[in-house]
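Q: From the sequence below, what's the structure:
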Amino acid sequence: MPNSDHAIRHETVNPHPGRTGDTDGTPHGHVGSSPWSGMMRQHLPSGPKASLALVALFATLGLLAGCTVAQGGSGSFQAKQLAPDAPDAHLSVHFTDNSAADHVAVNAITDIQQYWTQEMPAVFNKAYRPVKGGFYSADPASGQSVPCAGSASAVKNNAFYCASADVVVWDRTNLFPVLEKDFGKYSIAMVLAHEWGHAIQARTKDPGRRTIVIENQADCYSGAFTAWAYAGNAPHFHISIDDLDKAFAGYLSFADNPGDDPNGSQAHGSGFDRVSSFQQGFDSGPTFCADPKIYNDHKVFTETRFQPNDQGQGNLPLSTLLKQAPPDMGSYWKAALPKLFNVSGAKDLGDVQGYDPASEKVTCGGTKITPVIMYCKADDKVYLQTPFAQAVYSKTGDNGVATMIGIGYGYAIRDRLGKSTNDQNALLGAICYTGLYDADAFNASVGAKTTLPKHALTLSPGDLDEAIEALLIGVSDTAFTGTEGTTGFLRVNVFQNAVKTGAGACTQY
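A: Modelled structure (predicted):
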């Protein structure tokens with residue numbers, strides 16, 4: 001989140017040769033300069049980003065308005081009784097060591113192919129042809145040779161589909177066991193569902209020539225399969241909302257690094273781009289994902305490159321952020337309320353007061369404040385615990401903290417709009433309003449039209465990812481998810497919808 005003097009500019013589109021399928025559905029070709037299409041950029045030095053192991057990071061994470069803890073409704077995701085998973089499926093897998101991870105992979109492949117056998121005729125008016133080249137469980141240290149990649153060492157920390165050989169390959173020693181340990185077994189299925197997105201592209205047609213478009217459509221297909229599984233249709237994966245939240249956090253870890261070239265031959269997209277595509281597939285299904293009006297080379301993404309004058313790779317010092325973010329948000333809402341909500345004459349937003357609960361006691365209307373961030377109606381201020389802000393800053397970056405401040409201000413905006421400030425809709429609405437601010441700050445960074453003519457702060461590469469990380473922090477922590485009955489998946493969905501579609505997304509809260 002740099003000062004606006006260091007705004008990011010639009011990138012020019014540099015399409016590259018893609019991959020198409022024959023009219024009879026026979027796969028061939030490859031993506032870009034690589035013969036295979038992996039879950040993330042090839043030849044990364046490590047696996048899924050360690051910084052995203054955020055489950056239950058903070059033991060006392062809370063975010064409330066007013067002075068009481070309100071229990072909200074259950075939201076869009078209802079608790080449900082899960083049926084038992086089917087017995088392990090059986091498939092021939094090259095080089096398998098019959099590990100637990102390989103059993104999960106085989107179960108996922110079986111369910112994914114069942115899904116596409118059902119959906120492909122409805123979506124593409126043709127029968128699904130199962131992957132015929134085989135499945136390869138690779139040990140990168142083995143020296144074995146795998147199709148398309150050559151040495152198994154090239155597969156380290158990755159999984160891929162190769163159209164020319166019609167095969168699926170995965171790293172069974174470094175990638176899948178880590179995913180299962182950190183994010184649950186369904187995270188493996190989500191990765192393989194993405195790879196099957198490429199198999200579907202090979203049997204139909206790529207959405208364009210840009211790799212980032214091809215990869216995001218595969219993310220969309222993964223989301224569509226996940227919705228089918230969450231509905232109870234996958235025999236081997238009867239998943240709860242907690243399972244979905246954990247796996248979703250894992251999916252975010254496959255984002256490109258901030259500042260990567262969105263038009264490169266290995267571009268997969270920012271975390272925001274990828275989870276947005278995934279959630280759109282989850283919400284709208286495979287027909288949406290296959291729509292050429294949605295996924296084509298003209299699709300706009302949030303991934304942008306760093307510029308040479310970007311200081312601190314886009315991260316402001318925390319002290320600077322705490323000074324500059326509140327007034328910029330205040331200026332935005334002064335302009336946005338009349339333009340977006342037809343509300344004139346609303347009073348300016350109040351201050352953000354930081355404090356350390358270990359040495360300072362602060363109150364709201366005479367009651368001690370305990371949540372880490374809170375809007376107090378009594379004095380129209382947002383209170384932020386500075387140790388919490390430092391922890392979020394260390395784990396996510398400057399826009400993670402700005403997102404928390406933005407949500408606090410979101411409650412204040414709801415108060416000005418005459419809406420509730422102490423229930424689930426209040427939290428979701430505040431998140432939605434934060435998305436509107438971030439969208440405007442992002443538009444300012446790329447020279448697009450904005451609601452606020454001049455932002456003091458703009459977004460830099462990775463800032464939207466930081467916001468999503470902040471919304472996912474404490475996925476398993478009841479102090480955040482339990483107080484208002486929301487889930488990480490739902491919070492992120494609300495945020496990204498606001499960023500992408502505007503103020504209309506917030507009217508339901």
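Q: for the host helix or strand of residue 281, packing partners?
A: Residue 281 belongs to helix 271-284 when assigned by DSSP states H and E. Applying 3 or more Cβ pairs under 8 Å, 6 or more residues apart in numbering; DSSP states H and E, we find helix 271-284 packed against helix 211-230, helix 241-252, helix 286-290, helix 463-472, helix 488-501. C-betas here are computed from N, CA, C, even on glycine.
Q: which of those sits most buried?
A: Mean neighbour count (mean count of other Cβ atoms under 10 Å) peaks for helix 463-472 among these, with a mean of 28.
Q: what distance separates the helix holding residue 281 from the centre of its chain?
A: Distance of helix 271-284 from the chain centroid (Cα atoms, centre = their mean, to the nearest Å) equals 7 Å.
Q: Between the two ends of stretch 493-507, how far is it?
A: This stretch, stretch 493-507, spans 15 Å end to end (Cα to Cα, to the nearest Å).
Q: repeat for stretch 131-140
A: 23 Å.
Q: Stretch 368-387 too?
A: One end of stretch 368-387 to the other measures 17 Å (Cα to Cα).
Q: And that stretch, how far out from the chain middle?
A: Worked out by Cα atoms, centre = their mean, stretch 368-387 lies 28 Å from the chain centre.
Q: For it, the averaged confidence score.
A: Averaged across stretch 368-387, the pLDDT comes to 93.
Q: thinking again about what came up before, so what angle separates the directions of the helix holding residue 281 and helix 241-252?
A: On the basis of axes from the mean of the first three to the mean of the last three Cα atoms, to 10 degrees, helix 271-284 is oriented at 140 degrees to helix 241-252.
Q: where do the strands sit along this structure?
A: 37-38, 63-65, 134-138, 145-146, 150-151, 159-162, 167-171, 352-355, 363-364, 367-368, 373-376, 381-385 (DSSP state E).
Q: Is it possible to get JSON lines of those that adds distance to residue 290?
A: As requested, the strands of the chain are exported to JSON lines (distance: least, Cβ to Cβ, whole Å):
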{"stretch": "strand 37-38", "distance to residue 290": "17"}
{"stretch": "strand 63-65", "distance to residue 290": "38"}
{"stretch": "strand 134-138", "distance to residue 290": "24"}
{"stretch": "strand 145-146", "distance to residue 290": "29"}
{"stretch": "strand 150-151", "distance to residue 290": "32"}
{"stretch": "strand 159-162", "distance to residue 290": "17"}
{"stretch": "strand 167-171", "distance to residue 290": "20"}
{"stretch": "strand 352-355", "distance to residue 290": "45"}
{"stretch": "strand 363-364", "distance to residue 290": "51"}
{"stretch": "strand 367-368", "distance to residue 290": "53"}
{"stretch": "strand 373-376", "distance to residue 290": "41"}
{"stretch": "strand 381-385", "distance to residue 290": "44"}
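Q: ok, back up a step: which residues are contacting the helix holding residue 281?
A: Residues outside helix 271-284 that contact it (Cβ atoms under 8 Å, 6 or more residues apart in numbering) are 212, 215-217, 219-227, 230, 248, 251-252, 254-255, 268-269, 288-289, 301-303, 462, 464-465, 467-469, 489, 492-493, 496, 499-500.
Q: C-alpha coordinates for it, PDB please?
A: Provided in PDB are the C-alpha atoms of helix 271-284 (Å, rounded to 0.1, in the frame of the first residue of the first chain):
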ATOM      1  CA  GLY A 271      -4.400 -14.700  -4.500                       C
ATOM      2  CA  PHE A 272      -7.300 -12.400  -5.000                       C
ATOM      3  CA  ASP A 273      -7.700 -13.400  -8.600                       C
ATOM      4  CA  ARG A 274      -7.500 -17.100  -7.900                       C
ATOM      5  CA  VAL A 275      -9.900 -17.300  -4.900                       C
ATOM      6  CA  SER A 276     -12.300 -15.000  -6.700                       C
ATOM      7  CA  SER A 277     -12.400 -17.400  -9.700                       C
ATOM      8  CA  PHE A 278     -12.700 -20.300  -7.300                       C
ATOM      9  CA  GLN A 279     -15.600 -18.700  -5.500                       C
ATOM     10  CA  GLN A 280     -17.400 -17.700  -8.700                       C
ATOM     11  CA  GLY A 281     -17.200 -21.400  -9.800                       C
ATOM     12  CA  PHE A 282     -18.500 -22.400  -6.300                       C
ATOM     13  CA  ASP A 283     -21.400 -20.000  -6.500                       C
ATOM     14  CA  SER A 284     -22.300 -20.200 -10.200                       C
END
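Q: List the buried residues in that helix.
A: Using 16 or more other Cβ atoms under 10 Å as the test for burial, helix 271-284 gives 271-282, 284.
Q: which among the residues you listed gets closest to residue 242?
A: residue 282 (16.0 Å; Cβ to Cβ).
Q: Need the pLDDT of the closest one.
A: At residue 282, pLDDT is 97.
Q: can you check the one 5 residues further on too?
A: Residue 287 is assigned a predicted lDDT (pLDDT) of 99.
Q: Contact partners for the nearest residue to it once chain neighbours are set aside?
A: Leaving out its chain neighbours, the residue that sits closest to residue 287 by Cβ to Cβ, 6 or more residues apart in numbering is residue 123, at 5.3 Å. The contact partners of residue 123, by Cβ under 8 Å, 6+ apart, come to 286-287, 290.
Q: TSV please, covering those residues and showing distance to residue 506.
A: Below are the contacts of residue 123 laid out as TSV (distance: Cβ to Cβ, whole Å):
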residue	distance to residue 506
286	28
287	27
290	29
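Q: And the residue lying farthest from the centre of the chain, how far from residue 280?
A: Taking Cα atoms, centre = their mean as the measure, the residue most remote from the mean C-alpha position of the chain is residue 366, 39.2 Å away. From residue 366 across to residue 280, the span is 46 Å (Cβ to Cβ, to the nearest Å).
Q: Now residue 446, what are its backbone angles?
A: phi -110, psi 10 (degrees, to the nearest 10).
Q: Tell me how many other residues surround it.
A: 16 (other Cβ atoms under 10 Å).
Q: hang on, the earlier thing: of all the strands of the chain, which lies closest to residue 107?
A: Taking Cβ to Cβ, strand 134-138 is the member of the strands of the chain nearest to residue 107, at 12.3 Å.
Q: And the closest one, what's buried?
A: Counting neighbours by 16+ other Cβ under 10 Å, strand 134-138 gives 135-138 as buried.
Q: Pick out the most distant pair among those residues.
A: 135 and 138 (10.3 Å).
Q: thinking again about what came up before, how near is the residue nearest to residue 287 to residue 452?
A: 41 Å.
Q: Also residue 207?
A: For residue 207, the distance to residue 452 - Cβ to Cβ - is 34 Å.
Q: who has more neighbours, those two?
A: More crowded of residue 207 and residue 452, by other Cβ under 10 Å: residue 207, with 23 against 20.
Q: how far away is the nearest residue to that one once chain neighbours are set aside from residue 208?
A: Spatial nearest neighbour of residue 207, excluding adjacent residues (Cβ to Cβ, 6+ apart): residue 295 at 3.8 Å. With the distance defined as Cβ to Cβ, residue 295 ends up 7 Å from residue 208.
Q: Quickly, which of the strands of the chain bottoms out on average pLDDT?
A: strand 63-65 (a mean of 45).
Q: Quick one: low-confidence residue ranges for the chain.
A: 2-81, 307-313, 474-483 (pLDDT under 70).
Q: Could you chop it up by domain?
A: Using automatic domain parsing, the domains assigned to the chain come out as 37-43+90-290, 322-506.
Q: Can you add distance to residue 84 and give the ones you listed back as CSV?
A: Converted to CSV, the domains of the chain look like this (distance: least, Cβ to Cβ, whole Å):
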stretch, distance to residue 84
domain 37-43+90-290, 7
domain 322-506, 23
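Q: Among those, which comes closest to residue 83?
A: That would be, of the domains of the chain and by Cβ to Cβ, domain 37-43+90-290, which comes in at 5.0 Å.
Q: How far does the closest one sit from its chain's centre?
A: Worked out by Cα atoms, centre = their mean, domain 37-43+90-290 lies 16 Å from the chain centre.
Q: Since that was my last question, I'll sign off now.
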